[in-house]
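# no sequence for this one, just the structure:
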């Protein structure tokens, strides 16, 4: 019944007003085609982007899940494990699912990753169905999104979707479904029941996204409100409503910045390590990554010249233009907020912590859907070889980028498959051969070491560790109360594997913090007892 209800909701109104039997057959055919296409594209998307459950932010979230499943884990430096769970139901939901199903955490993570990609692509199809009248356009929109799921979002340190499971894996499809709900409840000719369903879909999606990732849901809520204004029947609401929303967002940012107390010098040093917060620190091509989508979407929003006969219908073209305009206005507002209030030299960095440029995740998704639709309808059409060539080229580029990002790891780190990454192999040895209460130290920025591939020590080893520069630094920048612990950890772990570091110096730095084991690079000179060594690292007991 839920599937039928959603199908009725996303079907164009004029189609639903056709004779019952004709529309029913058409609806079943479209639903079958959409389900088959999305299922195939899910496998394609994962094959292109890869799967790395313990890498980057995936490791941060996964450590929290493991802590809930086994409270004896991570008895030291626990705050860095708990921080990602503070305002999200992601970890409790995953832990609860694993307990209820007994299928094991690795299998559950992979199944949920596949499901999140499938729902994201299906949500994209329903959004495309509201904006494009032809099957070629809709298929092109979803196909390009599947190929480009790993596309970096300018310099925000985000991708459209990650190759691992995090809270964003759920907030992303919720954002798309919320936009579908807005288009449904503001559609001309929709009856009361259809508007109510659209409203419930919108509210439910924002609520679920907020339960998983409050920050991303906040930007989704702004996009939803903006789109609702742009879909209003009265021009005054479209003009002044969107203007008021943009000014309100900037006003809130200004008030938040003005009312925040000045921060400590130690915290400011932590905040300044997050260069992606500050536009002034971005490279020139990252700035292009902000401007180019706005230019492309502006062409759709205000200068669109689609001429396909069916697509001249005001219903789908109006939805498409409103979606593009929403993305342009929301993106421009985010840029202004970041430029004015997210500055490294400011006395406070509250707005920087909120990362307003994360709103560009929605901007990028809308841009990809519109470009893909135009590609499908104008270029690929009904030619099988063109579709195949497009997937090979567009997917091949992103596959190459994915391999560059994780060159020393399996492209698909599936449950039960032995890792080829030397760091991961060492981390697995640690899990199986050291006590749960052990506290480890590694080089402060070990995640960026050659061959490490951003694999998370805590998530893989299930052992406590002093905070690292990259991911734990991100946690400390969001939660200032972690500043002291993070600063102490950085000082103790700086250059542990350097040629100038001696064992005596290592002991003097690490012993006062309670460290019992240390992971050093294979090239580090040491006389410590190191029961495990490979070509990348050595795992040693601290005397």
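Received, thanks. Here the structure is a predicted model, which is why all the values come from computation and not from measurement.

# can you classify the spatially closest residue to residue 532 that is not a sequence neighbour by secondary structure?
Excluding its sequence neighbours, the residue lying closest to residue 532 (Cβ to Cβ, 6 or more residues apart in numbering) is residue 539, at 4.2 Å. The way it works is simple: take the backbone N, C-alpha and C, and place the C-beta from them, glycine included. Classification of residue 539 by DSSP: H, G, I helix; E, B strand; the rest coil places it in strand.

# surely residue 539 touches residue 528?
No. With contact defined as Cβ atoms under 8 Å, residue 539 does not reach residue 528; the gap is 9.6 Å.

# anything in contact with each of these two?
Jointly contacting residue 539 and residue 528 under the rule Cβ atoms under 8 Å, 6 or more residues apart in numbering are residue 518.

# which one of the two has more residues nearby?
Counted by other Cβ atoms under 10 Å, residue 539 and residue 528 do not tie: residue 539 has more neighbours, with 24 against 17.

# so what's the more buried one up against?
Neighbours of residue 539 in contact, by Cβ under 8 Å, 6+ apart: 426, 429, 430, 434, 517, 518, 519, 530, 531, 532, 533.

# could you rerun that using 6 Å?
Residues counted as contacts of residue 539 (Cβ atoms under 6 Å, 6 or more residues apart in numbering) are 426, 430, 519, 532.

# swap in residue 524?
residue 497.

# still on that earlier bit, from the contacts of residue 539, pick the one nearest residue 44.
Proximity of these to residue 44 (Cβ to Cβ) peaks at residue 426, which lies at 33.1 Å.

# for the closest one, pull up the helix or strand it's in.
Element membership for residue 426 (DSSP states H and E) is helix 422-433.

# buried residues, that helix. List them.
422, 423, 424, 425, 426, 427, 429, 430 (16 or more other Cβ atoms under 10 Å).

# do the same with stretch 59-75
Result for stretch 59-75 [16+ other Cβ under 10 Å]: buried residues 59, 60, 61, 62, 63, 64, 65, 66, 67, 68, 73, 74.

# closest one of these to residue 127?
Taking the buried residues of stretch 59-75 together and measuring to residue 127 by Cβ to Cβ, the closest member is residue 61, at 26.5 Å.

# helix or strand: which one has the closest one?
Using DSSP H and E, residue 61 falls in helix 56-69.

# so where's the chain shaky on pLDDT?
1-29, 303-316 (pLDDT under 70).

# still on that earlier bit, hey, what's the residue nearest to residue 532 bridged with?
Taking DSSP bridges as the rule, residue 539 bridges to residue 519, residue 532.

# distance check, residue 491 against residue 322.
Counting by Cβ to Cβ, to the nearest Å, the gap from residue 491 to residue 322 is 53 Å.

# neighbour-wise, which of those two wins?
residue 322 (24 against 12).

# what secondary structure does that one sit in?
helix.

# pull the most distant pair out of the buried residues of stretch 59-75.
The widest separation within the buried residues of stretch 59-75 (Cβ to Cβ) is 15.3 Å, between 59 and 68.

# just the strands in the protein please.
Secondary structure of the chain (DSSP state E): strands at 439-441, 464-465, 517-521, 532-533, 537-541.

# which one of the ones you listed has the most crowded surroundings?
strand 464-465 (a mean of 26; mean count of other Cβ atoms under 10 Å).

# what does that one contact?
74, 76, 77, 439, 440, 457, 458.

# which of the residues you listed sits closest to residue 288?
Once Cβ to Cβ is applied, the member of the contacts of strand 464-465 that ends up nearest residue 288 is residue 457, at 34.8 Å.

# most widely separated two among the contacts of strand 464-465?
76 and 457 (13.1 Å).

# between those two, which is the more surrounded one?
Legend: neighbour count by other Cβ under 10 Å for residue 76 and residue 457, higher for residue 457 (26 against 18).

# could you check how far that one is from residue 74?
Distance from residue 457 to residue 74, by Cβ to Cβ: 11 Å.

# so which of the buried residues of stretch 59-75 is the closest to residue 258?
For the buried residues of stretch 59-75, the nearest to residue 258 is residue 60 (31.6 Å; Cβ to Cβ).

# the closest one and residue 84 touch, don't they?
Yes. Using Cβ atoms under 6 Å, residue 60 makes contact with residue 84 at a distance of 5.0 Å.

# so who does residue 257 touch?
So residue 257 contacts 341, 351 (Cβ under 6 Å, 6+ apart).

# actually residue 176, not the one I typed
123, 124, 127.

# which one is the first one nearest to, not counting chain neighbours?
By that I understand residue 123. residue 176 (3.7 Å).

# same check, this time on residue 229
Leaving out its chain neighbours, residue 229 is closest to residue 241 (Cβ to Cβ, 6+ apart), at 3.4 Å.

# separation between that neighbour and residue 73?
For residue 241 relative to residue 73 (Cβ to Cβ), the value is 50 Å.

# repeat for residue 437
Counting by Cβ to Cβ, the gap from residue 437 to residue 73 is 10 Å.

# one more: residue 118?
31 Å.

# residue 205 now?
33 Å.

# residue 461 now?
Taking Cβ to Cβ, one finds residue 461 at 10 Å from residue 73.

# equivalent analysis for residue 317, please.
Counting by Cβ to Cβ, the gap from residue 317 to residue 73 is 54 Å.

# same check on residue 275?
Distance from residue 275 to residue 73, by Cβ to Cβ: 32 Å.

# same check, this time on residue 180
For residue 180, the distance to residue 73 - Cβ to Cβ - is 40 Å.

# check residue 268 too.
Distance from residue 268 to residue 73, by Cβ to Cβ: 33 Å.

# just residue 99 next, same as before
15 Å.

# swap in residue 64?
Taken as Cβ to Cβ, the span from residue 64 to residue 73 is 10 Å.

# same question for residue 45.
Counting by Cβ to Cβ - residue 45 and residue 73 are separated by 32 Å.

# ok, now residue 90?
Taking Cβ to Cβ, one finds residue 90 at 17 Å from residue 73.

# same deal with residue 519?
18 Å.

# same question, residue 501
The value you get for residue 501 to residue 73, if Cβ to Cβ is used, is 29 Å.
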